[in-house]
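# make a model of this:
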Amino acid sequence: MKIIKSITSKGINYSDEAGEEKFIDFEECNENWIQYRKRTEKLDDEKLANIKNNDKCIGQRDICANPIFIEFFTRPFTRFEFKESDEYPDPKEAFNCLQNEIILAGWKTLDLS
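All right, here's what the predicted structure looks like:
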């Protein structure tokens, strides 16, 4: 299970399942998202510039999934799953807490639910 250590406007520090310290860079996640949109929507330079100024998406989330998750647009994607455990006695509360921290940091995620 991944354990979140801290969240800032720059990204998330966490330890992975092996206990290794990792960092998710929100700017990188956003750039990966924008490049995906550029490819799939065939955006011209003007539209791309507008998106870069306004689209703060860094990942996707699904509170209706089993288990519920928030996934970041790293390469490969990094997913935080929330299951009832000692670390997350209330998975929905933990999910909402991370989602709120992302918003407070100035970013957003796509809602898949």
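# just name the shakiest helix or strand of the chain by mean pLDDT.
Evaluated with mean pLDDT, DSSP states H and E, the helix-and-strand set of the chain has its lowest mean pLDDT in helix 45-54, which scores a mean of 89.
# check the offset of it from the chain's centre.
Helix 45-54 has its C-alpha centroid displaced from the chain centroid by 21 Å (CA atoms, centre = their mean, to the nearest Å).
# please name every helix or strand in contact with the next helix or strand after it.
Sequence order places strand 57-62 as the next helix or strand after helix 45-54, per DSSP states H and E. The contact analysis (3 or more CB pairs under 8 Å, 6 or more residues apart in numbering; DSSP states H and E) places strand 57-62 against helix 26-41, strand 68-72, helix 91-104, strand 108-111. In short, each C-beta sits where N, CA and C put it, glycine included.
# could you dump the least confident helix or strand of the chain to PDB, C-alpha only?
Listed in PDB are the C-alpha atoms of helix 45-54, where the atom choice follows Å, rounded to 0.1, in the frame of the first residue of the first chain:
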ATOM      1  CA  ASP A  45      -1.100  25.600 -31.600                       C
ATOM      2  CA  GLU A  46      -3.700  28.300 -30.600                       C
ATOM      3  CA  LYS A  47      -6.000  25.800 -28.800                       C
ATOM      4  CA  LEU A  48      -3.000  24.100 -27.200                       C
ATOM      5  CA  ALA A  49      -1.800  27.400 -25.800                       C
ATOM      6  CA  ASN A  50      -5.200  28.100 -24.300                       C
ATOM      7  CA  ILE A  51      -5.400  24.600 -22.800                       C
ATOM      8  CA  LYS A  52      -2.000  25.000 -21.200                       C
ATOM      9  CA  ASN A  53      -3.100  28.100 -19.500                       C
ATOM     10  CA  ASN A  54      -6.400  26.800 -18.200                       C
END
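# buried ones in that helix, by neighbour count?
Using 16 or more other CB atoms under 10 Å as the burial criterion, the residues of helix 45-54 that qualify are residue 51.
# which outside residues touch it?
Here helix 45-54 makes contact (CB atoms under 8 Å, 6 or more residues apart in numbering) with 34, 37, 38, 41, 43.
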